[in-house]
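Colleague: Sequence first, then the predicted structure, then my questions.
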Amino acid sequence: MKCLLLIDIQNGFCSGGNLAVPNGEDIVPIANRLIAEGKYDLVVASKDWHPADHGSFASQHPGRMPFEMGTLKGAPQMLWPDHCVQGTPDAEFHPGLNVAGIDHVQRKGENREVDSYSAFRDNEQSALTGLSNYLKRAGIGTLDICGLATDYCVKASALDAKEMLPAVSVRFIADASRGIDAAGVEAAMKEMAAAGVRIITSKDVFAGE
């Protein structure tokens with residue numbers, strides 16, 4: 001059983017969004033083709049779903065600016081612009097994404113007191129989203145991951161998948177992902193590869209690998 005996990009392909013991370021990833025929307029046609037080709041038994045999409053007063057937002061830290069390092073519950077925390085607030089257009093999937101082809105949506109980042117990059121658990125690694133058990137019950141043997149952003153939520157999800165689903169082959173689809181920072185993307189890919197995540201492209205998927 002093969003699963004495609006699409007990470008946070010939301011308006012907030014595409015052009016015009018509150019935390020836009022450079023050229024983030026460019027992956028939408030690739031994601032749609034991955035869905036349409038029928039190579040996957042299951043398609044899952046994660047979605048940042050923050051309360052308006054989420055503690056990772058710079059707006060919740062008087063005098064601080066987005067992209068500064070701050071703290072949250074005493075731990076270092078990148079302070080973000082307000083983004084993907086529950087019920088706002090910023091939190092919705094990109095309008096070009098084939099949402100009809102998605103079997104399951106996994107929300108994350110709902111606890112205002114802790115950030116949550118990974119689709120599997122929060123950054124404290126204490127609260128699970130339930131996705132790992134969902135994939136186990138589905139009998140997934142191969143998990144392909146792509147989306148936004150490579151150097152944050154995609155990487156965190158891939159690393160957690162390797163740790164929490166040791167029997168599953170985890171692959172990162174590089175051309176179906178975009179990152180915030182080029183150096184961060186390179187470092188993320190090295191970290192994923194070192195953890196045993198296989199780096200592939202959509203061409204590998206379409207070729208039946």
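Modeller: Nice, I can see it.
Colleague: Quickly note the distance from Trp80 to Asp8.
Modeller: From Trp80 across to Asp8, the span is 13 Å (CB to CB, to the nearest Å). (C-beta placed from N, C-alpha, C; glycine too.)
Colleague: And those two? Which one has more around it.
Modeller: Here Trp80 and Asp8 are compared on neighbour count by other CB atoms under 10 Å; more neighbours surround Asp8, at 30 against 23.
Colleague: who touches that one in this structure?
Modeller: Neighbour list for Asp8: Ser46, Lys47, Asp48, Cys84, Gly147, Leu148, Ala149, Cys153 [criterion: CB atoms under 8 Å, 6 or more residues apart in numbering].
Colleague: where exactly do the helices run in the protein?
Modeller: Listed in chain order, the helices of the chain (DSSP state H) span residues 28-36, 131-138, 155-164, 182-194, 202-206.
Colleague: right, so of those, which gets closest to Gly74?
Modeller: Among those, the nearest to Gly74 by CB to CB is helix 155-164 (20.2 Å).
Colleague: The closest one - contacts with which helices or strands?
Modeller: strand 2-7, helix 131-138, strand 142-147, strand 169-173, helix 182-194 (3 or more CB pairs under 8 Å, 6 or more residues apart in numbering; DSSP states H and E).
Colleague: Using PDB, write out the CA atom coordinates for that helix.
Modeller: Only the C-alpha atoms of helix 155-164 are listed here, as PDB (Å, rounded to 0.1, in the frame of the first residue of the first chain):
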ATOM      1  CA  LYS A 155      11.400  17.800   6.900                       C
ATOM      2  CA  ALA A 156       9.800  17.400  10.300                       C
ATOM      3  CA  SER A 157       7.100  15.200   8.900                       C
ATOM      4  CA  ALA A 158       9.600  13.000   7.000                       C
ATOM      5  CA  LEU A 159      11.900  12.600  10.100                       C
ATOM      6  CA  ASP A 160       8.900  11.700  12.300                       C
ATOM      7  CA  ALA A 161       7.600   9.200   9.700                       C
ATOM      8  CA  LYS A 162      11.000   7.400   9.700                       C
ATOM      9  CA  GLU A 163      11.000   7.300  13.500                       C
ATOM     10  CA  MET A 164       7.300   6.500  14.100                       C
END
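Colleague: Can you give the contact residues for that helix?
Modeller: The contact list for helix 155-164 (CB under 8 Å, 6+ apart) reads 5, 7, 46, 117-121, 123, 132, 143, 145, 168, 170, 172, 188, 191-192, 195-197.
Colleague: The same query, at a cut-off of 7 Å, please.
Modeller: Identification of contacts with helix 155-164 by CB atoms under 7 Å, 6 or more residues apart in numbering yields 5, 7, 117-121, 132, 143, 145, 168, 170, 172, 188, 191-192, 195-197.
Colleague: tell me which residues in it are buried?
Modeller: Lys155, Ala156, Ser157, Ala158, Leu159, Asp160, Ala161, Lys162, Met164 (16 or more other CB atoms under 10 Å).
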